[in-house]
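Chemist: Just the structure for this:
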Amino acid sequence: MDGLSPQDYPWIWIGFGILAMVLEFIVPGMFIFFVGFSMTVTGLLILWIPLSTVFQFLIFSLISIFSIVFGSAFLKKLFPSEVSQDRMIKDDYVNQIVAVTEDILVNQKGGRVRFHGTDWDAYSTTERIPQGEKVRIISRDNLTYIVERIYP
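Modeler: Numbering: from 1, shown residues only. Predicted coordinates for the structure are as follows:
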């Protein structure tokens, strides 16, 4: 066996292309699928038109760019994302009454509140609030709630 001959190149392209498209089921994201599709098309093309290695990679690159750009745009239209613009859903924590589990500090993290069965970092912008008090969530800074004391 003397190694690979130019007649093997189309089957190598096709084989790796099919492998890449199958790998898409393991590593989702569609990028690998488009690259695999481009490899398969390149392999099928050079079955009929013998091309030099440089042109094979050029064709593969062009098909990859085309399929990634137009294929991803097509898939975004076919499967639109489900991002909600409803402010009530996004900020459903605002005005919720929660219990303080660790003293709330003024403008610094360290305090904790219990919200939906989980303890969260919290701080107040106005006053220190002791453990056991009830507070109202007024906003959120990433994973930290900003709260205010509820007076009876």
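
Chemist: For Y93, give me its contacts.
Modeler: F115, I137, R140, Y145 (Cβ atoms under 8 Å, 6 or more residues apart in numbering). In this view, the C-beta of every residue, glycine as well, is placed from N, C-alpha and C.

Chemist: and the third one, how many residues sit next to it?
Modeler: If I follow you right, that is R140. 15 (other Cβ atoms under 10 Å).

Chemist: what domains does the record give for the protein?
Modeler: Here the domain assignment for the chain is 6-78, 87-149, based on automatic domain parsing.

Chemist: Tell me the helix or strand right after the helix or strand containing G15.
Modeler: Taking DSSP states H and E as the criterion, G15 maps to helix 9-23. Sequence-wise, the next helix or strand downstream of helix 9-23 (DSSP H and E) is helix 31-48.

Chemist: could you check the angle helix 9-23 makes with that next one?
Modeler: 160 degrees (axes from the mean of the first three to the mean of the last three Cα atoms, to 10 degrees).

Chemist: Remind me what helix 31-48 packs against, helices and strands.
Modeler: With contacts defined as 3 or more Cβ pairs under 8 Å, 6 or more residues apart in numbering; DSSP states H and E, the packing partners of helix 31-48 are helix 9-23, helix 53-78.

Chemist: right, and the helix or strand after the helix or strand bottoming out on mean pLDDT in the chain?
Modeler: The helix or strand of the chain with the lowest confidence, counting by mean pLDDT, DSSP states H and E, is helix 87-90 at a mean of 52. Reading on from helix 87-90 to the C-terminus, the next helix or strand found by DSSP H and E is strand 97-102.

Chemist: thinking again about what came up before, who are the neighbours of the helix holding G15, in terms of helices and strands?
Modeler: helix 31-48, helix 53-78.

Chemist: out of these, deepest packed?
Modeler: Per residue and on average, the most neighbours among the helices and strands packed on helix 9-23 fall to helix 31-48, with a mean of 20 (mean count of other Cβ atoms under 10 Å).

Chemist: you'd agree E133 is up against V100?
Modeler: Yes - counting by Cβ atoms under 8 Å, V100 is a contact partner of E133 at 4.9 Å.
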